[in-house]
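**Q** Sequence first, then the predicted structure, then my questions.
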Amino acid sequence: MPIAKKVTGKKTTEEIIDLYGVKARKRLKPFFNQAGISYPPKKVTFLAIKDKSTFEIWAANDNTQYSFIRNYDIKKLSGINGPKLREGDKQVPEGLYKIVALNPNSAYHLSMKLNYPNQFDQKHASEEGRDEPGTNIFIHGKSVSVGCLAMGDSAIEELFVLTKETGLSNINVIISPSDPRIEKLKYDAKHYSSWVGELYKNIEKEILPYNNDN
């Protein structure tokens, strides 16, 4: 992915927070107030649903009860439903991820790097002899994607500031092909190995508690 190599300047993360923080917080805080969650929260989960191009924020004041904060339309995501398998397949990965780095100098305004391939991805890539499962997957601005989640500039400013102020270790990211709160996840066994069924069970288990009806 070119995002890992391209930069647009030499700003620090702290300078980005100074630049966008006030306006981003002003836009975010009404949603947190409505949900009864303090800002910055203790924990945050970002939930992306690929086939609906939606991106939800859930947050908690403690380690147990998460509340829905708001959602965004994903401006662009490439590929089809199904996990990422190799470098260059243009697939947005599916699974349970963490944000491992903030990039204040992205060519796509701002970006946040995911830990793809994670341990689960690496294990099954190794078992199948896929030496290059891909890397450099980001949540970023603009509206262009080659395996990443492109959120637009206003949204990525809010997400970047929220992530920085909540703390990277307190952020979970779940990317799902569809919404298991509506219908059980399915995959085509003719095109994918059986481990995808295990992946989808893991995703379902994580997503189902994030329900406005709870």
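**A** Sure thing, it's come through.

**Q** hey, let's count contacts and neighbours off CA atoms from now on
**A** OK.

**Q** show me what contacts the most centrally placed residue in the chain?
**A** Among the residues of the chain, Val173 comes closest to the average C-alpha position under C-alpha atoms, centre = their mean, at 4.6 Å. Under the criterion of C-alpha atoms under 8 Å, 6 or more residues apart in numbering, the contact list for Val173 reads Thr45, Phe46, Leu47, Ala48, Leu96, Tyr97, Lys98, Ile99.

**Q** What is the burial count for the first one?
**A** Look at Thr45: counted by other C-alpha atoms under 10 Å, it has 21 neighbours.

**Q** Quickly find the element holding it.
**A** Thr45 belongs to strand 43-49 when assigned by DSSP states H and E.

**Q** Would you mind extracting the C-alpha trace of stretch 195-214 into CSV?
**A** What follows is stretch 195-214 as a C-alpha-only set of coordinates in CSV (Å, rounded to 0.1, in the frame of the first residue of the first chain):
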residue,chain,number,x,y,z
TRP,A,195,-11.0,-21.4,9.0
VAL,A,196,-13.1,-18.5,7.6
GLY,A,197,-16.0,-20.1,9.5
GLU,A,198,-14.0,-19.9,12.7
LEU,A,199,-13.2,-16.3,11.9
TYR,A,200,-16.8,-15.4,11.4
LYS,A,201,-17.8,-17.1,14.7
ASN,A,202,-15.2,-15.0,16.4
ILE,A,203,-16.6,-11.8,14.8
GLU,A,204,-20.2,-12.7,15.7
LYS,A,205,-19.2,-13.4,19.3
GLU,A,206,-17.6,-9.9,19.5
ILE,A,207,-20.2,-7.9,17.7
LEU,A,208,-23.5,-9.3,19.1
PRO,A,209,-23.2,-7.5,22.5
TYR,A,210,-23.0,-4.2,20.6
ASN,A,211,-26.7,-3.8,20.3
ASN,A,212,-28.9,-0.7,20.9
ASP,A,213,-31.6,-3.0,22.2
ASN,A,214,-29.5,-4.0,25.2
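
**Q** Against which helices or strands is the strand holding Thr45 packed?
**A** Contacts of strand 43-49 with other secondary structure elements, assessed using 3 or more C-alpha pairs under 8 Å, 6 or more residues apart in numbering; DSSP states H and E, are made with strand 54-60, strand 171-176.

**Q** low-confidence ranges in the chain?
**A** Across the chain, the ranges flagged by pLDDT under 70 are 1-9, 63, 213-214.

**Q** looking at it, which residue ends up farthest from its center?
**A** Going by C-alpha atoms, centre = their mean, the residue of the chain most distant from its centre is Lys190, 27.7 Å out.

**Q** check which helix or strand covers that one.
**A** Secondary-structure element containing Lys190, defined by DSSP H and E: none, the residue being outside all helices and strands.

**Q** just Thr135 next, same as before
**A** Here Thr135 is assigned to no helix or strand, by DSSP H and E.

**Q** coming back round to it: could I get the helices and strands packed on strand 43-49 as a markdown table with distance to Phe31?
**A** Converted to a markdown table, those look like this (distance: least, C-alpha to C-alpha, whole Å):
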| stretch | distance to Phe31 |
| --- | --- |
| strand 54-60 | 10 |
| strand 171-176 | 18 |
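
**Q** With that, I have no additional questions.
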